[in-house]
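Colleague: Any chance you could fold what I've pasted below:
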Amino acid sequence: MTGATDVDIVDVIADVKKITGLSKSTTQKQHSLNVSDVWHLWDILVAKYDTIEVINVYVNCAQTADLKAVVNETLKVVEGGADKLQQLMLEYAIPLPPRPPQGAKTTVNLELVTDKYIFNHLFDLIKQLPLLAVAINYSGSPVIIKVFKNHIIQTIELIDNLSVYGEAKGYLQKLPMYKPIS
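Modeller: Below you'll find the model as predicted:
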């Protein structure tokens, strides 16, 4: 069990590698990555871009102020994660996938798109934990492992916050009670 003051060895090694890599050329930095690192960085950024594009549509369709605020806050978190990945990929000269459009304005009032529908799809979009876990499993670089780990922590916190909101609004499906047969 780890406490708040415990040191995470991956973080320490990643920080040391990052500091010692400051004087390295891009080509030298690239040698610290494997093909899996590059592919997963690219794939996770594509997933974040797809999420951003969908969230931009949801911002326009949300009917209540509280859901708009939740969607906008979620968008900020996902965009922040995408920005960090972009910076890292540029540092290693990894080509970036095409960015999504800045915003999605719609003039159509989609009455079928309820706040509950928006929330549930947003909640599903955010659950990228398996993708991030696989990325950590196949990474060979402590710097990249730390990046993926931070994205997992950020995703868990976002899922936690969305769960609290969804529960309060009654948007989450209630699981059946387990009653063992006596």
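
Colleague: Same question for stretch 133-143: list its buried residues.
Modeller: Within stretch 133-143, the residues scored as buried using 16 or more other Cβ atoms under 10 Å are 135, 136, 139, 141, 142, 143. (Each C-beta comes from the backbone N, C-alpha and C, glycine too.)

Colleague: same question, stretch 69-79
Modeller: Applying a neighbour-count criterion of 16+ other Cβ under 10 Å, one finds 70, 71, 74, 75, 77, 78, 79 buried in stretch 69-79.

Colleague: residues in contact with the fifth one?
Modeller: The contact partners of residue 77, by Cβ atoms under 8 Å, 6 or more residues apart in numbering, come to 154, 158.

Colleague: From residue 26, how far out is residue 147?
Modeller: Residue 147 sits 17 Å away from residue 26, taking Cβ to Cβ, to the nearest Å as the criterion.

Colleague: Could you do residue 136 as well?
Modeller: Residue 136 sits 24 Å away from residue 26, taking Cβ to Cβ as the criterion.

Colleague: With residue 135 instead?
Modeller: Applying Cβ to Cβ to residue 135 and residue 26 gives a distance of 22 Å.

Colleague: now swap in residue 99 and tell me
Modeller: Spatial separation of residue 99 from residue 26 under the definition Cβ to Cβ is 22 Å.

Colleague: from memory residue 122 sits against residue 165, does it?
Modeller: No - at 10.1 Å, residue 122 does not count as touching residue 165 under the criterion of Cβ atoms under 8 Å.

Colleague: Mind checking which of the two has more residues around it?
Modeller: residue 122 (23 against 19; other Cβ atoms under 10 Å).

Colleague: Quick one: distance of the strand or helix carrying the more buried one to the chain centre.
Modeller: Taking DSSP states H and E as the criterion, the element that holds residue 122 is helix 115-126. The gap between the average C-alpha position of helix 115-126 and the chain average comes to 15 Å, counting by Cα atoms, centre = their mean, to the nearest Å.
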